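Peer 1: Pasting the sequence and the predicted coordinates here, then a few questions.
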Amino acid sequence: MATERSLSPEARSILGAGISRRSVLAGAGGLGAASLLAACGGSGGDAASSENTVRWGNWPLYLDFDADTKKYPTLDKFTTQTGIDAAYFEDYNDNDEFFGKVQAQLKLGEDIGYDVVTPTDWMAARWIRLGYSQKFDLANIPNAGNILDSLASPSYDPNRESTLTWQGIMSGFGWNTEKNPKGIHTLDELFAPQNKGKIVVLTEMRDTIGVILLAQGVDITKVTEDQFMNAVDFMAAKISDGWIRGVKGNEYAEDLTSGDATAVIGWSGDMFILSSENEGKFDFAIPDSGGTISGDNLMIPSTASASGKANGEKLINYYYDPAVAAEVAAYVNYVCPVKGAQAEMEKIAPELATSEYIFPSDKTASRLHVFRSLTPDEETKWAEAFQKAQGN
């Protein structure tokens, strides 16, 4: 029987105040992510496994969080509904860093302290390739069928046997509307005179180079090494010529708000928040040639126990309930991967139900592309070329 759901007080207060996840973290001052970790009981490596617990490692500020109670409302509801205690750890800062922390234990088959992890697509591909993930018992995840069609068959897990998207990440062009009143829809418009020296692109190789490749007419699901290196050379030239001022992670948003940057290859979720925080001063568009979409993925590591795996599958199934997914989406403002969540959002936050940033229409989704999986040799060689182009 369906139960009535409502938006958590924290999510509602965030909507009303128009603040972002970054603002919440910045507002914590000296506390920051470490304090939030302490509130959740430490790191995954210190958590003991039990028959009635699921241990989840995720990225900071990536789940609805009540700053007053230091709890996660949807996670509390999961425990109430299932009787499974959820130990939640904001232990992800960087894919390579997290993998480096657990790689030795994975290789030895020892418990890594997590029953569910959340790697980005390309890193999920590595876990699968190395045999460090477990295949789902899909009988325990009936809601798996709710995944969006556009995310249902990635090259690294074509049958979604080992992963389900946690949140989708859309990349394209972001800009200061005062400096770019006509918007930015092509690579030529990004490199318009008013933006020289004030362009920032992402450190995420597949997003930055993916957008450039698409503008060059390349199908990024089939990109060759020569095509990739050509796009890297293009970026390197723009850095050398003084057009691109930096290659950055989430901190590119600070460059926009300070005025140091007027245009970016950036992420939709960030631009959505910047626009709401600055009275429409910033905007975002998928390039005419197409943008990229990637995701962070719910995955069960090879070292999880039988009970940890079963409890992890129940957790994943819970978050693929459309009503639960809608509540999370209202907080995180990234692309929601769950069918039916948009209808649920209309009930709790109708102002967000029409957001193309959270619920891309079919037309929008058709313009988003997934960067193909790389072989180990390609991953090493291409990443080195991307770093060299940055001057690293």
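Peer 2: Looks like it came in fine.
Peer 1: can you map out the strands along the stretch 251-392 of the chain?
Peer 2: With strands called from DSSP state E, counting those that start in this stretch, the stretch 251-392 of the chain shows them at 263-267, 282-285, 291-299, 368-369.
Peer 1: For residue 242, give me its contacts.
Peer 2: Neighbour list for residue 242: 196, 197 [criterion: Cβ atoms under 8 Å, 6 or more residues apart in numbering]. Where you see a C-beta, it was placed from the backbone N, CA and C, and this is true even at glycine.
Peer 1: Assign a three-state SS to it, would you?
Peer 2: Put simply, residue 242 is coil when judged by DSSP: H, G, I helix; E, B strand; the rest coil.
Peer 1: how near is it to residue 142?
Peer 2: Distance of residue 242 to residue 142, given as Cβ to Cβ, to the nearest Å: 55 Å.
Peer 1: next one: residue 258
Peer 2: In terms of Cβ to Cβ, residue 258 sits 48 Å off from residue 142.
Peer 1: just residue 306 next, same as before
Peer 2: When residue 306 is compared with residue 142 (using Cβ to Cβ), they lie 20 Å apart.
Peer 1: go on, residue 229?
Peer 2: Following Cβ to Cβ, the distance that separates residue 229 from residue 142 is 45 Å.
Peer 1: go on, residue 370?
Peer 2: 25 Å.
Peer 1: Could you do residue 360 as well?
Peer 2: 25 Å.
Peer 1: The two: which is more packed in?
Peer 2: Taking neighbours as other Cβ atoms under 10 Å, residue 360 and residue 142 compare with residue 360 leading, 23 against 10.
Peer 1: Can you get me a residue count around residue 51?
Peer 2: 11.
Peer 1: got it, and the one 5 residues further on?
Peer 2: Residues contacting residue 56 under the criterion other Cβ under 10 Å number 26.
Peer 1: which non-adjacent residue is nearest residue 302?
Peer 2: Excluding its sequence neighbours, the residue lying closest to residue 302 (Cβ to Cβ, 6 or more residues apart in numbering) is residue 132, at 4.9 Å.
Peer 1: and if you look at residue 71?
Peer 2: residue 65 (7.6 Å).
Peer 1: and what of residue 210?
Peer 2: residue 292 (4.0 Å).
Peer 1: pLDDT value on the residue lying closest to residue 228 once chain neighbours are set aside, please?
Peer 2: Using Cβ to Cβ, 6+ apart and skipping residues adjacent in sequence, the residue nearest residue 228 is residue 382, 5.8 Å away. For residue 382, the pLDDT comes out at 97.
Peer 1: Low-confidence stretches in the protein?
Peer 2: For the chain, applying pLDDT under 70 flags the ranges 1-49.
Peer 1: Quick check: the gap between the residue nearest to residue 228 and residue 317.
Peer 2: Distance from residue 382 to residue 317, by Cβ to Cβ: 36 Å.
Peer 1: hang on, the earlier thing: identify the residues contacting the residue nearest to residue 210.
Peer 2: Contacts of residue 292 by Cβ under 8 Å, 6+ apart are 170-172, 206-207, 210-211, 214, 220, 368-371.
Peer 1: before we move on, what SS does residue 154 have?
Peer 2: coil.
Peer 1: That one: how many residues sit nearby?
Peer 2: Neighbours of residue 154 (other Cβ under 10 Å): 21.
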